[in-house]
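Chemist: would you be able to build a 3D model of this:
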Amino acid sequence: MAEVVVIGCGVIGLTTAVRLRETGLDVRIVAADPPERTTSAVAAAIWYPYKAYPEKDVLRWGHSTFEVFEELAAVPDTGVRMREGFELRRRPAPEPWWSAAVPGVRRCGHEELPPGYRDGHAFVVPVIEMPVYLRHLQDRFAAAGGTIERHAVSDPDELADEARIIVNCAGLGARGLVGDDSMAPIRGQVLRVRNPGLDCFILDEDDPEGVTYVVPRTTDCILGGTAEEGAWDVDPNPAIAADILRRCSALEPRLAGAEVLEHKVGLRPGRTEVRLEREDGRGVPVVHNYGHGGSGVTLSWGCAGEAAALVAEALGHAG
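Modeler: Model prediction:
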């Protein structure tokens, strides 16, 4: 019997499992899909709180995560890099509500604003290449002695004889796993294109045609996107892809004619609030850590730390 079984191996499950294993606990992950087939693998993965609540907790979790990513950016082969970029606004805007978590946020100069934009902020935050980073987390977990098993779980009680504590990091899967009908998909479609030499990310949440962003990585760029609440379709829509490419090319002309490498869709786990709490009414205690909306990467280490504290409390209570 393991001390802890974590359900799910997207960025939340992997990060939580790493945090728990590195405290010395015997930890196993059980997941229906491998990390490369999770929503996390689709993410543009820039540190940026998006569609996650409540803001006070998101700020705390995000700040803790920012600090960990700053450290990881100095470590080779993690896929984490600190990049400068711009959040653009079509009308005057106050300082971003999350700016307390990010050092050095500044207002853009007029010369930094593309035509049609009246305001914006520049800042340096972690940008994470998810294929590389997910492998880093898996390797780190395995090196610490953790194991991953591939099979679907329909109810946490199925694992009651296999662990003293269950940690539910099932993301959108929590809707069926624990009957949480408040979980709803936020469909995100992106394109992956060859990087034409870009270094800075660009974000435009105000675009009336849809959220628009350009996130450069080492050899490619992630272009987005969509935020379709309640949409379950995981097949890329060619018309939406063409619109994304057009909007992003208008923001950054060097993207015009960029080679399209891949079309991807991910279903963000939307919820009115992140669920991070312990539940004792089941066969074994369950620590829930899901419902991070579009901020799974941004909140991953902060939420993992608090989930680990809940696990330690539960284990101590159980003797």
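Chemist: quick check: buried residues in stretch 228-242?
Modeler: 228, 231, 237, 240-241 (16 or more other Cβ atoms under 10 Å). Glycine gets a C-beta too; all of them are placed from N, C-alpha and C.
Chemist: in helices only, show me those residues.
Modeler: Among those, DSSP state H puts 240-241 in helices.
Chemist: so where's this protein uncertain?
Modeler: For the chain, applying pLDDT under 70 flags the ranges 317-319.
Chemist: which helix runs longest in it?
Modeler: In the chain, with assignment by DSSP H, the single longest helix is helix 296-318.
Chemist: who does it touch, helix- and strand-wise?
Modeler: Judged by 3 or more Cβ pairs under 8 Å, 6 or more residues apart in numbering; DSSP states H and E, helix 296-318 is in contact with helix 11-21, helix 55-72, strand 163-168, strand 275-279, strand 286-290.
Chemist: which of the ones you listed sits most buried?
Modeler: Highest mean neighbour count of those: helix 11-21, a mean of 28 (counted as mean count of other Cβ atoms under 10 Å).
Chemist: helix or strand right after it?
Modeler: strand 27-31 (DSSP states H and E).
Chemist: quick check: angle from that following strand to strand 163-168?
Modeler: Calculated by axes from the mean of the first three to the mean of the last three Cα atoms, to 10 degrees, strand 27-31 forms an angle of 50 degrees with strand 163-168.
Chemist: what lines up beside strand 27-31 in the sheet?
Modeler: When sheet partners are counted by DSSP bridges, strand 27-31 sits next to strand 2-7 (parallel), strand 147-150 (parallel).
Chemist: can I get those in a markdown table including mean neighbour count and distance to Asn195?
Modeler: What follows is the strands paired with strand 27-31, written out as a markdown table (neighbours: other Cβ atoms under 10 Å; distance: least, Cβ to Cβ, whole Å):
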| stretch | mean neighbour count | distance to Asn195 |
| --- | --- | --- |
| strand 2-7 | 24 | 34 |
| strand 147-150 | 14 | 31 |
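Chemist: which one, of those strands, ends up nearest to Val274?
Modeler: For the strands paired with strand 27-31, the distance to Val274 is smallest for strand 2-7, at 16.3 Å, taking Cβ to Cβ.
Chemist: neighbouring contacts of the closest one?
Modeler: Outside strand 2-7, the residues within contact range by Cβ atoms under 8 Å, 6 or more residues apart in numbering are 13, 16-17, 20, 25-31, 153, 156, 159, 162-170, 177, 311, 315.
Chemist: which residue sits closest to Phe69, ignoring its sequence neighbours?
Modeler: Leaving aside its chain neighbours, Phe69 sits nearest to Pro126 (3.6 Å; criterion: Cβ to Cβ, 6 or more residues apart in numbering).
Chemist: what of Arg107?
Modeler: Leaving aside its chain neighbours, Arg107 sits nearest to His121 (5.9 Å; criterion: Cβ to Cβ, 6+ apart).
Chemist: SS state for Glu84?
Modeler: Of the three states, Glu84 takes strand under DSSP: H, G, I helix; E, B strand; the rest coil.
Chemist: where's it relative to Met183, distance?
Modeler: Per Cβ to Cβ, to the nearest Å, Glu84 is found 35 Å from Met183.
Chemist: between the two, who's got more neighbours?
Modeler: A direct count of neighbours by other Cβ atoms under 10 Å for Glu84 and Met183 places Met183 higher, at 22 against 13.
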